[in-house]
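A.B. asks: how would this look folded up:
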Amino acid sequence: MDIENLIADAKDLCYAVAPAELSGSPLWVVPQSNLPPMLGGNTVCYGYTSPSLDMHLHHTFADWQGIRGPVIVLGNLNIERDFPVRTYNKMLGTTLHELAHILERPSLFQPRPYHHHLIRVEAIRIAEAVSRDEEGDGTTPPWTRRSPNAKAGQARTERKPKRHRSARKRAATRLKSRNTNASWLTFR
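C.D. replies: Numbers count the residues shown, from 1 in each chain. So this is what the prediction gives:
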């Protein structure tokens, strides 16, 4: 799959869906395969966003000009693995899902001063939160694991009852307890 064309299509889709809301603001759609592991390259999510993600990842943008804007990280490796037949549609669907999170915020990004050390720590915490599997080895999100009788590309339909909080919820709780506003952290 040509990831550059997909990213261009994802951006065009976002600007077509929300032209007024995104006017005058850059939008970055970043595949996880373009990120280092320390900054979210090992995500188990299909996509994620946060209000300060542009400050965390700006050095990975080829077209960064210092102007703030929303960022969507697509878990392209996870989507390609779990949806081999519908990869393109799933990536665009995930883009729209993350765009909805961006549009429901009070502002497209969190206005704040740039403090290198605080931003770096926050970026690492986000990467840790999105890189942990709820149960298992961290390679496949449990909600996409197939049942033994499922066909290729078909997610499991049965779910086991949860007996404890997920790793993501524990990570989000740790972020909140460290005096970091993690209420903006969204997962898919």
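
A.B. asks: what's the first-to-last distance across stretch 41-54?
C.D. replies: Length of stretch 41-54, first residue to last, CA to CA, to the nearest Å: 15 Å.

A.B. asks: So which residues of this structure form helices?
C.D. replies: Ranges of helices within the chain are 3-17, 19-22, 53-57, 76-82, 87-103, 116-130, 167-177, based on DSSP state H.

A.B. asks: So which of those helices is nearest Arg68?
C.D. replies: Closest approach to Arg68 among the helices of the chain (CB to CB): helix 53-57, 5.5 Å. For glycine as for every other residue, the C-beta is placed from the backbone atoms N, C-alpha and C.

A.B. asks: Check which helices and strands the closest one sits against.
C.D. replies: strand 28-31, strand 71-74, helix 116-130 (3 or more CB pairs under 8 Å, 6 or more residues apart in numbering; DSSP states H and E).

A.B. asks: on that earlier part again, which one of the helices of the chain is the most hemmed in?
C.D. replies: Neighbour counts (mean count of other CB atoms under 10 Å) averaged over each of the helices of the chain peak at helix 53-57, with a mean of 23.

A.B. asks: Excluding chain neighbours, give the residue nearest to Met1 in space.
C.D. replies: What sits nearest to Met1 in space, not counting adjacent residues and going by CB to CB, 6 or more residues apart in numbering, is Thr87, at 5.9 Å.
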